[in-house]
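Asker: Just a sequence and a predicted model for now, questions to come.
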Amino acid sequence: MKERLRVGVLLSGGPAPGGHHVIATLFDLIDGFGELYGIERGAEGLIEGVAHVLKKEQIDRFRYKGGFDLLKTRRKKILPGDIDAIKKTIQKFSFDALIFIGGDDTATNAYKLSKEVSTLIIHLPKTIDFDLAVPSFGFDTACSLMSRLIRNLKVDARSTGKYYHVLKLMGRDTSHITLECAIRSRANFALITEELIHKKATLPQVVDAILHFFEERKKEYGVILIPEGISLAIKELEETTELDPHGNADLSGMESHVRLMQHVEKEARKRGLHLPPLRFSTMGYEARCEDPTPYDLEYTKKLGIRAFQAILEKKSGVIVAADGAHLIENYMVEDSKRGHVVKKVAVDLHGSKFLEFHQIRESLVHED
Ligand code: FBP
């Protein structure tokens, strides 16, 4: 390494609370004996060579703020044809290390790039979805805001006594967010994609379960949570969408919760059952830009420190967690659709979180 350390940092994928704080932590650690460069628009800026030295005033303005607007973010997949341009950028700025802050697709980008360049490539786990093999930052904040809003909707339902609020929650293929919010907000009913897949549930069975819930509850109001990935379990709810560059379907663009409830309404009519009025909403975008909770501030600080340590120890192709750096290679899998990629971690149906939900779900049905 040269006398002064030169580190580039980029944000990638959907925003997650704490992203600015991780960068601020890195800045504090590097300040004095090196430069931290902010690379704009994720891998796009890395390929185009767009980066600037981060300054204290700028860092201090964003340090505790949600959003990824300090550097902006994109979902660019690094292709073999991009490697030469990235090498030029590395040369242009004489980067000793590059920090990729992102989810599983970003970790795959980081892993693949680490095989092509000698500059240290370090990945930092970010995603509100919580679907990485190591805990990601942003989940706690996002779930805390979403749960607060869901609780408010519960109060709204109870106050007016005339609606069921049906909410579709972010989380992509996995239901970590829905599970966490169901427990924290005590919503009356929640579906978990992983459970439906495990039970090989069919659309008529899910419709039946929802009708049974209405019958059991015997109230004209309440709150229902549906994970955005439900169409992975119930194929009839799928919509054809454009795939993103990493091969992900646009689950947050789908109206799967509305489609599911249309099936429920149809079946209710067939059976001559009365269905209370429904109000549909989606949650995710507002939560992923919330200012970080104390938990996420603390965690992102730890991650920043671990990333800095990894640089000093000259580690590359690693993902950092609270306990240190781990080889990304250990988390790579062969996916039939997406190729050699970092795995997504689903809700563990034998894990303590799901068991906690399982224990309370019956009582939630009747709760006000
Ligand atoms: P990542 O952390 O993997 O980027 O996903 C976060 C997320 O909020 C998902 O929950 C959601 O499906 C997706 O981003 C929506 O992304 P987009 O901004 O492309 O609509």
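Answerer: Received it, and whenever you're ready, just let me know what you need. It should be emphasised that the depicted structure is a prediction, and the values quoted were computed from it without experimental measurement. Numbers count the residues shown, from 1 in each chain.

Asker: how's the protein carved up into domains?
Answerer: When the chain is parsed with automatic domain parsing, its domains come out as 5-137+292-335, 141-288+349-366.

Asker: Redo those domains as a markdown table? Include mean neighbour count and mean pLDDT.
Answerer: Yep, even glycine has a C-beta here, placed from its N, CA and C like the rest. Shown next, in a markdown table, are these (neighbours: other C-beta atoms under 10 Å; pLDDT from 0 to 100):
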| stretch | mean neighbour count | mean pLDDT |
| --- | --- | --- |
| domain 5-137+292-335 | 21 | 98 |
| domain 141-288+349-366 | 18 | 97 |
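
Asker: In JSON lines, list these along with distance to Lys343.
Answerer: Converted to JSON lines, the domains of the chain look like this (distance: least, C-beta to C-beta, whole Å):
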{"stretch": "domain 5-137+292-335", "distance to Lys343": "4"}
{"stretch": "domain 141-288+349-366", "distance to Lys343": "11"}
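
Asker: Any chance of a markdown table for those, columns distance to the ligand?
Answerer: Shown next, in a markdown table, are these (distance: least, C-beta to the nearest ligand atom, whole Å):
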| stretch | distance to the ligand |
| --- | --- |
| domain 5-137+292-335 | 3 |
| domain 141-288+349-366 | 3 |
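
Asker: Of these, which is nearest Val342?
Answerer: domain 5-137+292-335 (4.1 Å; C-beta to C-beta).

Asker: mind checking the end-to-end distance for that closest one?
Answerer: One end of domain 5-137+292-335 sits 37 Å from the other (C-alpha to C-alpha, to the nearest Å).

Asker: do stretch 249-264 as well
Answerer: Note: stretch 249-264 ends 25 Å apart using C-alpha to C-alpha.

Asker: Check stretch 221-230 too.
Answerer: 23 Å.

Asker: likewise stretch 183-198?
Answerer: With C-alpha to C-alpha, one end of stretch 183-198 sits 21 Å from the other.

Asker: Now do the same contact list for Trp327.
Answerer: Not quite, residue 327 is Leu, not Trp. Gly317, Val318, Ile319 (C-beta atoms under 8 Å, 6 or more residues apart in numbering).

Asker: Let's see the helix or strand harbouring Phe27 as CSV, backbone CA atoms only.
Answerer: Element membership of Phe27, judged by DSSP states H and E, is helix 19-30. Output in CSV follows, covering the C-alpha atoms of helix 19-30 (Å, rounded to 0.1, in the frame of the first residue of the first chain):
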residue,chain,number,x,y,z
GLY,A,19,-26.0,3.3,4.9
HIS,A,20,-24.8,6.9,5.5
HIS,A,21,-23.7,5.9,9.0
VAL,A,22,-21.5,3.1,7.8
ILE,A,23,-19.8,5.5,5.3
ALA,A,24,-19.4,8.1,8.1
THR,A,25,-17.7,5.5,10.3
LEU,A,26,-15.3,4.6,7.5
PHE,A,27,-14.7,8.3,6.9
ASP,A,28,-13.8,8.8,10.6
LEU,A,29,-11.4,5.9,10.6
ILE,A,30,-9.6,6.8,7.4
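
Asker: Which other helices and strands does that helix contact?
Answerer: strand 5-11, strand 34-39, helix 56-62, strand 97-102, helix 294-312 (3 or more C-beta pairs under 8 Å, 6 or more residues apart in numbering; DSSP states H and E).

Asker: Quickly note the distance from Arg172 to Ser316.
Answerer: According to C-beta to C-beta, to the nearest Å, Arg172 stands 28 Å off from Ser316.

Asker: Please, where are all the strands along this protein?
Answerer: Assigned by DSSP state E, the strands in the chain fall at 5-11, 34-39, 51-53, 97-102, 120-125, 164-169, 189-190, 222-227, 278-283, 318-321, 324-327, 332-335, 339-342.

Asker: Would you mind giving those strands as TSV with distance to Ser352 added?
Answerer: Putting the strands of the chain into TSV (distance: least, C-beta to C-beta, whole Å) gives the following:
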stretch	distance to Ser352
strand 5-11	31
strand 34-39	38
strand 51-53	43
strand 97-102	27
strand 120-125	21
strand 164-169	20
strand 189-190	17
strand 222-227	19
strand 278-283	24
strand 318-321	19
strand 324-327	22
strand 332-335	24
strand 339-342	24
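
Asker: Give me the nearest residue to Ser94, chain neighbours excluded.
Answerer: Arg6 (5.3 Å; C-beta to C-beta, 6 or more residues apart in numbering).

Asker: Kindly report the same for Ala268.
Answerer: Leu275 (4.5 Å).

Asker: Provide a list of residues in contact with that neighbour.
Answerer: Phe214, Val264, Glu265, Ala268.
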